[in-house]
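[1] starting from these lines, generate the structure:
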Amino acid sequence: MNIPDKNKKFPLKNYDRLCFLKNVVKNPNIIVGDYTYYDDFETVENFEKNVKYLFDFTGDQLIIGKFCMIASDVTFIMNGANHLSEAISTYPFAIFGEDWSDAMEGKEYPTKDNTIIGNDVWIGYGATIMPGVHIGDGAIIATKSVVTKNVAPYSIVGGNPAKEIRKRFSEEEIKKLLEIRWWDWSIEKITKNVQNLTGNRIDELRHI
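    Residues are numbered from 1 along each chain as shown. Next comes the predicted model:
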């Protein structure tokens, strides 16, 4: 078998604006699965620049599954961007020290969970993913969407804020796909079944 090398930074010959993302990211708080790719109009080094407010002291992570497709200018806003929305002022006095250093004593900035992108997720150009959002397996995020809440598996969402446009398959079919979890197959089995995976006959996958 001549299988694409998951450890190759640039899998397309003579093209350096599409990368297998796990081979590019250096921040240990960004975790990326095999074969997930990122395509950038300028340079793939932009990816980490587009993960905003990911600070060590906030403790959150960006976790991206396998076989995802992430377009240029997709932005992930992380928990470090949060301010006190329930207080009289949202201003972060404490970070400037001096006589303001104890402004947050006994208080905490609001945080949400890790930002988690499932497997086989397509995120379109210029989309923004807000802190703590979970995007389910097989979802599609439309161009320029602002995703403020969780996205169900195999849903297509779009807009600002992003809303569900439709499901890609019936609920029964989605249940079958989530049971099959083709992205967890061996790469040899996936390679043997790329014709089935690019079709829409789900029952055929269940009998492989």
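[2] pretty sure Phe169 contacts Tyr154?
    Yes. Counting by Cβ atoms under 8 Å, Tyr154 is a contact partner of Phe169 at 5.6 Å. Just so you know, the C-beta spots here come from the backbone N, C-alpha and C atoms, and that holds for glycine as well.
[3] quickly list what's touching both of those two.
    Residues within reach of Phe169 and of Tyr154 at once, by Cβ atoms under 8 Å, 6 or more residues apart in numbering, are Leu177.
[4] out of the two, which sits in the more crowded spot?
    Each of Phe169 and Tyr154 had its neighbours counted (other Cβ atoms under 10 Å), and the higher figure belongs to Tyr154 (24 against 17).
[5] could you pull up the residues touching that one?
    By Cβ under 8 Å, 6+ apart, the residues touching Tyr154 are Gly136, Asp137, Gly138, Ala139, Lys167, Arg168, Phe169, Ile174, Leu177.
[6] repeat that for Met78.
    By Cβ under 8 Å, 6+ apart, the residues touching Met78 are Val51, Lys52, Tyr53, Leu54, Phe55, Thr58, Asp60, Leu62, Thr115, Pro131.
[7] quick check: closest non-adjacent residue to the residue nearest the centre of the chain.
    The residue lying closest to the centre of the chain (Cα atoms, centre = their mean) is Ile117, at 3.7 Å. Take Ile117 and drop its neighbours on the chain: the residue closest to it by Cβ to Cβ, 6 or more residues apart in numbering is Ile64, 4.4 Å away.
[8] secondary structure element for the closest residue to Ala87 other than its chain neighbours, which one?
    Spatially, and ignoring its direct neighbours in sequence, Ala87 is nearest to Lys107 (8.0 Å; Cβ to Cβ, 6+ apart). If you go by DSSP states H and E, Lys107 is not part of any helix or strand.
[9] these two touch, right, Lys107 and His83?
    No. Lys107 is not in contact with His83 according to Cβ under 8 Å; the separation is 11.7 Å.
[10] helix/strand/coil for the spatially most distant residue from the centre of the chain?
    For the chain, the largest distance from the centre (Cα atoms, centre = their mean) belongs to Asp99, which lies 39.8 Å off. Taken by DSSP: H, G, I helix; E, B strand; the rest coil, the conformation at Asp99 corresponds to helix.
[11] could you pull up the residues touching the closest residue to Ile187 other than its chain neighbours?
    Distances taken as Cβ to Cβ, 6+ apart put Ile3 closest to Ile187, at 5.7 Å, once the chain neighbours are dropped. Counting by Cβ under 8 Å, 6+ apart, Ile3 makes contact with Ile187, Glu188, Thr191.
[12] could you rerun that using 10 Å?
    Residues near Ile3 by Cβ atoms under 10 Å, 6 or more residues apart in numbering: Ile187, Glu188, Ile190, Thr191.
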